[in-house]
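**Student:** here is my input, please return the structure:
(2 chains)
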Amino acid sequence: MDGPDGTTPLLLERVTVDYGERRAVDGLSLTVRPGEIYGLLGSNGAGKSSTIKSIVGLVRPSSGSVLVFGDDAVSDGTRAKEHLGYVPETALLYEALTPREFLEFVAGVRRLDRAVASERLRTYATAFRLDSELEEPIATLSNGTRQKVLVLAALLHAPRLLVLDEPLNSLDPRSVRIVKELLLRFVRTGGRGVLLSTHTMEIAEELCGRVGILDQGVLRAEGTLAELRTRAARGDASLEEVFLRLTRQDEGLTEAVASLDGP
Amino acid sequence: MGWRDAARLADVAFVEVSLQATYAFRQGNPVPSTDGHRMVARAQRRVTQSKVLIAGLLGLLALGSSVLLRASASQRAQLAPVAMPAGLFQAAVLTGLLGLDVVLLWWNGLQALPTVLSSSAIAVLEPLPVDRSTLRKVAFLLYLRLFDVPAVVVLVLTPVAVGLALGLPAGLATVPAGVCAVVFALTLSLLTGRFFVRRVQGARGGGGRSVVRWAYLILWLLPAFGLLAFVIASPPFFRAVASLTSPHVVRSAELLAAVYPFTLAILPPYVAGGAGALGVPSAVRAVAVLWSGVYLAVAAYAVLWLYGSVAEFGKLPALPTAAGAPSTCELRPQRPAWAVLTKDLRLASRTPGYAFLILLPLLDALALGLVTYAGAPGSSAARGVALAAVSAAALLATFFGPAFFALEVVAQSYGRTLPLTIRSMALGKVTLIGGIYVAAGGVVLAITAFRIPEPALFAVFVLAELPAVVAAGLLELSLLFRWARTRGLPVTNLYAGSWNVVAIAIPGVAVAVAPLAAFAAAGLWGMALVAVVALEIIGGLTLGRGTR
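**Tutor:** Residues are numbered from 1 along each chain as shown, chains lettered A, B, ... in the order given. As a prediction, this is how the structure comes out:
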């Protein structure tokens, strides 16, 4: 799609996600700009995964709009999905397939050229040292190896937007380093963007240009680390301290920690 | 911990199994937008409904047998292909009933076991301070819960049905046979389940290994195929039973009297009518009594084996069957519909519930084709059986739509994030459905080409039905996709969603039957016309615009 919206990797406007009576995301609006890694921070149950699921088509928002490079992910999910690569939090895959068979399926659905797909697989599989496990059934692979398969599947079609839900959780240090490098290089060219959900503050601090702090389904604060420090009135604080302050989770924290010595 | 505590833990574990059977969270299905308590209640209700469906079938078989057991001499003459004493006829009927009981319970177990594994309901108890003995009890009780309603029907309703027909003592004499049927079915389920996990689930693709994997999967077909085998084999079976009365065939009679479940089925008619009602030599009765004891001893041992083995099965990991297969980075992407077809075929060949469906029409065609081959060459009766084989394959294919849709529940959370249109998905799946149907028709034609008159016309019959089979698949898949969009993902696995499968298959069966009815009324041209019109209408509605 042409026009100004066609260049914005991700635009969420007043997105609400409900599970029965429970509201997981409440009127969330955010933008991932071209060339940006946007970090979505939040405690457990803050609504990060529900937000991501509404972007990738796993959950239908009760209201609001999700635009991926201008394509509506809610009403025309197929077009929006062509732009994005997704790494879920839990590596749940077709267990009976091998990684190569799974990636072949993904490449087929994404209509990739045989030579291009094979070359990309060769590059990433070598980088992640996955080439010896491409013929093993996914059921027999470790969580970390499955996660690597998902990263490969997300990158195979050279997407324009990467949506990552806690992507580094199960990875070994070498793979974590490679993924970080990949993300930084990914956004350098082509007006691409990354939405990265995490509750590891160090990762957000290291990679993200801007972060949004989600709490009980509501965006409490958004901006660069410097902007958030200013807002939290903590000039030299770490992102963790800023996060705890803005989500008011620092209240009673000292007492809670002290009480651990009690029992 | 005692049995009471173990039962409490087994109850909790069974809720988890029901939840995973219905929603398959551990296989990647996202949490639906509904209240958690309501979700659990719905899962339990669905599993119970499916159990009741199988139990209902078993109950109908028992009550139907009760009617047969009371058949008069003239009715027996119509039912059995050869004359035989009343007691022997009753033993033959009971043999069929007990055989079907085992097959249906076994099949029920095969549907449930992969869910037990994927639920990790036993494995999650391992880190808790639960001793091994309690863990065994929990696993054993959980395993019994998988079969509870159908097993109770076999244990209670079978003796009641026999008691109603032949009197209370005969009913009580059926109890050992019922117990053996349940124990053997549970044992066969676990044995084949273990075999599946060790040899099939972890098997890789490629060349000879795929052939071996498919060969293994025939094992999973045995339960369902057993039903068909019984129906096909019944005339020869009745003849063999009738031969027991002859004093000149003692050796073969002794052999038959030793075969399960016939040996246990002799007891109730003997109790009801004495040796005179059976009309068999005393040597046959002696062999039956001896082998009844052997089967009861085997059943007792099987219970002990089950008690010790179920816990191990519950935490069994999927094991690869071959090591060190060479890796390649070569990808051969296909068009989306073909990619779906290939993926479904690969998954199905490594998943018993689906492999069973794919192979069933082929083996059905093989069996009926062989019956045709054994008949008189060139006879119209032989052609009738061949046409019946193809019609049966067409009707069986109508259950493939829900089955292949159920595959999408596996790793659903990833599959739904891909830019895959409903059109591509449906095209891939109906191509596979049509392919299986044509393969079944091809099997019948290959076997019977020189036995039936005008084999070319038979080939036309197979092809004329094909558009209707495809249309039925498209209709079912389109209904399921619409259902998924508006009401959430429908469960179509047979352990938790058999009602859904039946509900969706009804319109499919109607579409598949219409050309067969037209064939009876107007011949091949009428059949082809109805099938093509059905595909034209349903294809236009389901594959047209708006199916992205």
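
**Student:** contacts for stretch B:159-169, please.
**Tutor:** Stretch B:159-169 has contacts (C-beta atoms under 8 Å, 6 or more residues apart in numbering or on different chains) with B:62-63, B:65-67, B:69-70, B:90, B:94, B:170-175, B:178, B:268-269, B:271-273. In short, each C-beta sits where N, CA and C put it, glycine included.

**Student:** which among the residues you listed count as buried?
**Tutor:** B:62, B:65-66, B:69, B:90, B:94, B:170-171, B:173-175, B:178, B:268-269, B:271-273 (16 or more other C-beta atoms under 10 Å in any protein chain shown).

**Student:** out of the contacts of stretch B:159-169, which sit inside strands?
**Tutor:** Among those, no residue falls in strands (DSSP state E).

**Student:** among these, which are in helices?
**Tutor:** Among the contacts of stretch B:159-169, the ones falling in helices (DSSP state H) are B:62-63, B:65-67, B:69, B:90, B:94, B:170-173, B:175, B:178, B:268-269, B:271-273.

**Student:** list the contacts of residue B:509.
**Tutor:** Here residue B:509 is in contact with B:395, B:398, B:472 (criterion: C-beta under 8 Å, 6+ apart).

**Student:** again, only using 6 Å
**Tutor:** Counting by C-beta atoms under 6 Å, 6 or more residues apart in numbering or on different chains, residue B:509 touches residue B:398.

**Student:** surely residue A:194 forms part of a strand?
**Tutor:** Yes: secondary structure assignment places residue A:194 in a strand (DSSP: H, G, I helix; E, B strand; the rest coil).

**Student:** residue B:239 touches residue B:80, doesn't it?
**Tutor:** No: judged on C-beta atoms under 6 Å, residue B:239 makes no contact with residue B:80 at a distance of 8.9 Å.

**Student:** these two: which is more packed in?
**Tutor:** Set residue B:239 next to residue B:80 and count neighbours by other C-beta atoms under 10 Å in any protein chain shown: residue B:80 wins out with 21 against 13.

**Student:** quick check, pLDDT for the more buried one.
**Tutor:** Listed pLDDT for residue B:80 reads 74.

**Student:** quickly note the distance from the closest residue to it other than its chain neighbours to residue B:269.
**Tutor:** The spatially closest residue to residue B:80, leaving aside those adjacent along the chain, is residue B:238, at 4.7 Å (C-beta to C-beta, 6 or more residues apart in numbering or on different chains). Applying C-beta to C-beta, to the nearest Å, the value for residue B:238 to residue B:269 is 15 Å.

**Student:** ok, residue B:106 next?
**Tutor:** Taken as C-beta to C-beta, the span from residue B:106 to residue B:269 is 26 Å.

**Student:** all helices in the stretch 51-200 of chain A, in order from the N-terminus.
**Tutor:** Taking DSSP state H, counting those that start in this stretch, the helices of the stretch 51-200 of chain A run over residues A:77-83, A:99-109, A:114-127, A:143-155, A:173-186.

**Student:** what sits up against the shortest one?
**Tutor:** Right, helix A:77-83. Residues contacting helix A:77-83 (C-beta under 6 Å, 6+ apart): A:57, A:68-69, A:71, A:73, A:160-161, B:419, B:421, B:548.

**Student:** if we use 10 Å, what do you get?
**Tutor:** Residues from elsewhere that reach helix A:77-83, judged by C-beta atoms under 10 Å, 6 or more residues apart in numbering or on different chains: A:1, A:9-10, A:55-58, A:60, A:66-74, A:109-111, A:157, A:159-161, A:192-193, B:416-424, B:548.

**Student:** pLDDT of it, averaged?
**Tutor:** Per-residue pLDDT over helix A:77-83 has a mean of 89.

**Student:** buried among the contacts of helix A:77-83? Need that as a selection in PyMOL.
**Tutor:** Selection of the buried residues among the contacts of helix A:77-83 in PyMOL, burial being defined by 16+ other C-beta under 10 Å:
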select buried, (chain A and resi 9+10+55+56+57+58+66+67+68+69+70+71+73+74+109+110+157+159+160+161+192+193) or (chain B and resi 416+417+418+419+420+422+423+424)
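
**Student:** quick one: contacts for the residue nearest in space to the middle of chain A?
**Tutor:** Taking C-alpha atoms, centre = their mean, the centroid of chain A lies closest to residue A:164, which sits 2.1 Å from it. Residue A:164 makes contact with A:37, A:40, A:52, A:85-89, A:150-151, A:154, A:179, A:183, A:194-198 under the criterion C-beta under 10 Å, 6+ apart.

**Student:** closest to residue A:221 out of the helices of the stretch 51-200 of chain A?
**Tutor:** Residue A:221 lies closest to helix A:173-186 among these, at 22.5 Å (C-beta to C-beta).

**Student:** please enumerate residues in contact with the strand or helix carrying residue A:243?
**Tutor:** Using DSSP states H and E, residue A:243 sits within helix A:239-246. Identification of contacts with helix A:239-246 by C-beta under 10 Å, 6+ apart yields A:39, A:41-43, A:199-206, A:208, A:211, A:213, A:215, A:220-221, A:225, A:227-234, A:237-238, A:249-251, A:253.

**Student:** just the residues you listed: which are in strands?
**Tutor:** Among the contacts of helix A:239-246, the residues falling in strands (DSSP E) are A:39, A:41-42, A:211, A:213, A:215, A:220-221.
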